[in-house]
Structures are given as structure tokens and as C-alpha cells.
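1. Show me how the following folds:
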Amino acid sequence: AKRKCAYARRSDYKNYYTIAEDYLQKALSTNAGTTKLVTTDERSYANNPFQRHFQYGMDLLMSPEAIFEIGCVQNQATSRMYCYDFGRGSNGGNNTAPNKVFAGIRMVPSFYYGGYDNADKRRDVSAVVTGLDGKGNELAFTFKAGAKVDGGICLNKWDICRQNPYFVGPQMGAGFNMPIMRVADVILMLAEVKAGLGADTEAIGLVNQIRERAFGDDLHNISGLSGEALKEAILMERKFELFGEGHTGYDLVRSGKFSQKAMEVRNEMSTLAENLKTKGYHEFENGNILPAYIWTKQVAGAKLTYDCTDENDPVLFPGWRGVLDFAQLGLSVNGTNHNTAIKGLFEYIAPDSETAAELEAEGYVKTEWGSTLAANIDIYLSNILPGITSEESVPCYYWPIPYETISQSKGKVTNGYGLPQQ
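-> Numbering: from 1, shown residues only. Got it, this is the predicted structure:
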């Protein structure tokens, strides 16, 4: 009421879905050109078509799945966004191992631990629990407020360590393109449209195209959903698939669930923090446990890791982390124990337990993890969708309309919120 705005949807919104259905179907068929969903991985050392799409970008190539990207050139100021702003966090400066990466996109811990199915190959590609120290070494992130190796679980779709050939030069110059739209996004938009128009079977088939790539089988396909349950499943699938790519906020506004989901996240984070303080851990519905402490140890060698489902392998699990062998590139590194082994990332190990003592005897060090998150929870809550204080809150955006549009509308279009009309 204060801003004289309402959270509403046009009564004729299905007309727009009908228009979208036509164009989205053409984008996937008659007008697809050479674009297609990447569903195979020809690499002998990996079998993750989801990551294969992003690796094209790190190889400075256009992925078959890419529909629209903004091109960036190495060693120019325009190339800074990927991966300096949005890549895997790293300390350091210019020409270090690797260069500093600010890492401006973080995954809310409750989504990392409690959102993804543990068999979903997208989780470890989308988010990572370790960053780099700028001196050739991997290390666990912290949940302290900040950037680089502070700030928590980080976007992992653009990892400077996986650039091939690796860019040896000043920070902000790696030259990754800025992705805007890809085929998986179009497929899931079409699924939303189909569900909105009542074509449930077609919508489910589209979602399962994405899930079969994500899991590598059809055992995790959805079925028998309709109405709001199907729309919710599609919304969540977009979140799993497109994390960090700039879509989720707008998806939630369009679905009418922005404020509801914001409050759910804030409430879950509050409960999570309280459990970390009182019990030393928080357990999620899927069985994953976020502990107050993990145990870490630097181990010999420098290697990047790939898919790994063996939770007992402290170096390879979770997958898609590790570190590039920067010494082989002639860059200055510290020591020889470059990889980080982690114990207790998804289980509770009591600090005074026999297990903890055995790990410390093996050289592992008790490391702050969820405990730091709990200590900083006020900072997290004040920055997770600030301004949303109830499910009735309105997600208000200040998006000025250009003067040319206003002038050509003959008085039918004006800026709101006190923004200028000229």
C-alpha cells in the first residue's frame, strides 16, 4: 500500500502463453538451426553432459546448446564478468595461481544440502565448497561475510582452473562469454507454457528430457503430476538447472511465489542456524547433514576432479573441484600439497568423538563450517531477499521505462515510483 503497487497477474495471461508456445516450439524444431540440448559427453575421463555444455565456454568455444551469448575477448575490460565476477572464488591478484576471482554468486546452503537429489549430477557442477588461495592451493570456503574464499558455497559453472588453454595474464581478462539463453532454458519455458495451458503430458515429457540428462537415467523422471503440483515441479527444475544464470528471481515473480519462497528460505535458514548452535548440525529431509565443523587436510599433488559418488573419497568427493597444476604452467605456487581432503561434509562428527581424534591423528584439522554460518546468520538473513518480511510483501522493482517509449505511447505508459517521465 505504501508504494501503491500490487502483486497481480493479467487475466489474459494465457494469451501470452499461447504466443510463447508457438515461438518456443519453433526454437526447438523448425528454427533450431544447429542448436541442441547437449546429451552426450565424448570425454573419456568424464560423463556429465550438463558440465560438457559449460566446458565449451571454458574452452572459448560455442556450445551446441548456446542460443545467445555476449562475446568477450581475452585481456580486455569487457571480459571481466565471467569468470572474475561470477566464477569460482580465489584469493590472489594479477598473474597469480590463479588470479583473484571475486565470486559474486553464492548458493544458499539450505539449497545445496537440502534441495538437490544426491544423484543429481548438476549439484557439483553448479556449486562448489572449495576455492583457491591464489598460490596454487585448494582450500575450503568459509561462511564469513565477504568475497573470494569467504562468503560460502560458490557458483561453479565457470571455473578458471578448467579454462583450456589456461589464461596466463591479468585478472578480469580470461575472456569467457556471457551466456544469456540456452536450449535447456527454452525446454523448461515450454514446459511451463504447456502446464499453464493444461497440456500436462507434454509438459512432463519436456521436464524429463532435462532430468534424464541431469541423472543419466530415466529412474528419476517425474510422472502423474498436474495443476499446481506440476507447475511447482517445473519451477524447481528451472532452479536446479539454471542456478546462477540469472533466471530464478524472475521465475518466482512470474509464478507469483516470490515472497512465499523468500520467507521459506529465511525461516529455514533461521532454523538451520539454531540447530547448528544447539546440536552442532542440521539435518535436511533428504538425509543430508550440514555440520558445524568439517575436517580438512592438504594432500600431495595438484589435480582437478570430476564426477564422484564415493562419499568416502575425501579428495574426489564432492566432484568438480580440485586445483589445476599451476607449477606446470611456470606460475609460482606454495608447497606441494595442493589438493584439499574433506571429511564430514555431509555427516556429523562430534568434535570430542573418537572419530574426530582419529582424523586429527591422521593430520586432519577441525575446520569451521556451519558454525561460522550460525555465527553470521544475522548478516545472511539481512541480505537474503531484503525487504520481504511476509508472504504478502510485494517484490518491487525500480526498472525505469525509456523516454522514447513514454513519448510514443501518447500518455498510456508512464514511469512509477516517482521516476522521471523525461
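2. As a check, name the ranges of all strands in the stretch 201-350 of the chain.
-> Here the stretch 201-350 of the chain has its strands, by DSSP state E, counting those that start in this stretch, at 281-283, 289-291, 293-299, 339-343.
3. repeat for the stretch 1-150 of the chain
-> Under DSSP E, counting those that start in this stretch, the stretch 1-150 of the chain gives strands at 66-70, 127-128, 130-132, 138-140.
4. Tell me which of the ones you listed sits most buried.
-> strand 130-132 (a mean of 28; mean count of other C-beta atoms under 10 Å). (C-beta placed from N, C-alpha, C; glycine too.)
5. Show me what that strand is packed against.
-> strand 138-140 (3 or more C-beta pairs under 8 Å, 6 or more residues apart in numbering; DSSP states H and E).
6. Sheet partners, orientation included, of the strand it packs on?
-> Strand 138-140 has the following sheet partners, assigned by DSSP bridges: strand 130-132 (antiparallel).
7. what does the partner strand rub up against?
-> Here strand 130-132 makes contact (C-beta atoms under 8 Å, 6 or more residues apart in numbering) with 88-92, 97-98, 101, 103, 138-141, 148-149, 154, 161, 321, 323, 340, 342.
8. Which residues are in contact with T340?
-> Contact partners of T340, counting by C-beta under 8 Å, 6+ apart, are 130, 137-140, 296-299, 315.
9. same deal with R9?
-> Here R9 is in contact with G256 (criterion: C-beta under 8 Å, 6+ apart).
10. circling back: quick one, which of the strands of the stretch 201-350 of the chain is nearest to Q408?
-> Comparing the strands of the stretch 201-350 of the chain by their distance to Q408 (C-beta to C-beta), the top pick is strand 289-291, with 53.1 Å.
11. Check which strands are paired with the closest one and give the direction for each one.
-> Strand 289-291 has these strand partners (DSSP bridges): strand 281-283 (antiparallel).
12. With L37 as the reference, measure out to V365.
-> The gap separating V365 from L37 is 43 Å, by C-beta to C-beta, to the nearest Å.
13. quick one: which of the two has more around it?
-> For V365 versus L37, neighbours defined as other C-beta atoms under 10 Å are more numerous around L37 (18 against 12).
14. Pop out the phi and psi values for the more buried one.
-> phi -70, psi 130 (degrees, to the nearest 10).
15. okay, and the helix or strand of this protein with the least pLDDT?
-> helix 377-383 (a mean of 90; mean pLDDT, DSSP states H and E).
16. Looks like T355 contacts I349 (just checking).
-> Yes. With contact defined as C-beta atoms under 8 Å, T355 counts as touching I349 (5.3 Å).
17. When these two are compared, which one has more neighbours?
-> Ranked by neighbour count (other C-beta under 10 Å), T355 and I349 place I349 first, with 22 against 14.
18. Could you pull up the residues touching the more buried one?
-> 291, 293, 295, 343, 355-356, 359.
19. make it 6 Å
-> Neighbouring residues of I349 by C-beta atoms under 6 Å, 6 or more residues apart in numbering: 355-356.
20. Look up how far L359 lies from it.
-> For I349 relative to L359 (C-beta to C-beta), the value is 7 Å.
21. now the helices for the stretch 51-200 of the chain?
-> Listed in chain order, the helices of the stretch 51-200 of the chain (DSSP state H, counting those that start in this stretch) span 109-114, 122-126, 183-196, 200-215.
22. For those helices, could you give me a markdown table that also reports mean neighbour count, distance to G280 and mean pLDDT?
-> A markdown table is the format used below for the helices of the stretch 51-200 of the chain (neighbours: other C-beta atoms under 10 Å; distance: least, C-beta to C-beta, whole Å; pLDDT from 0 to 100):
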| stretch | mean neighbour count | distance to G280 | mean pLDDT |
| --- | --- | --- | --- |
| helix 109-114 | 21 | 15 | 97 |
| helix 122-126 | 24 | 24 | 98 |
| helix 183-196 | 23 | 38 | 98 |
| helix 200-215 | 20 | 32 | 98 |
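23. quick one: which of these is nearest D22?
-> Going by C-beta to C-beta, the one of the helices of the stretch 51-200 of the chain nearest D22 is helix 183-196, 9.6 Å.
24. Now do that closest one and strand 66-70, the angle between them.
-> 120 degrees (axes from the mean of the first three to the mean of the last three C-alpha atoms, to 10 degrees).
25. what about the stretch 1-150 of the chain, any weak spots by pLDDT?
-> 1, 3, 77-80 (pLDDT under 70).
26. Show me which residues of the lengthiest helix in the chain are buried.
-> Ranked by residue count, the top helix of the chain under DSSP state H comes out as helix 258-278. Going by neighbour count (16 or more other C-beta atoms under 10 Å), the buried part of helix 258-278 is 258-263, 265-266, 268-269, 272-273, 275-276.
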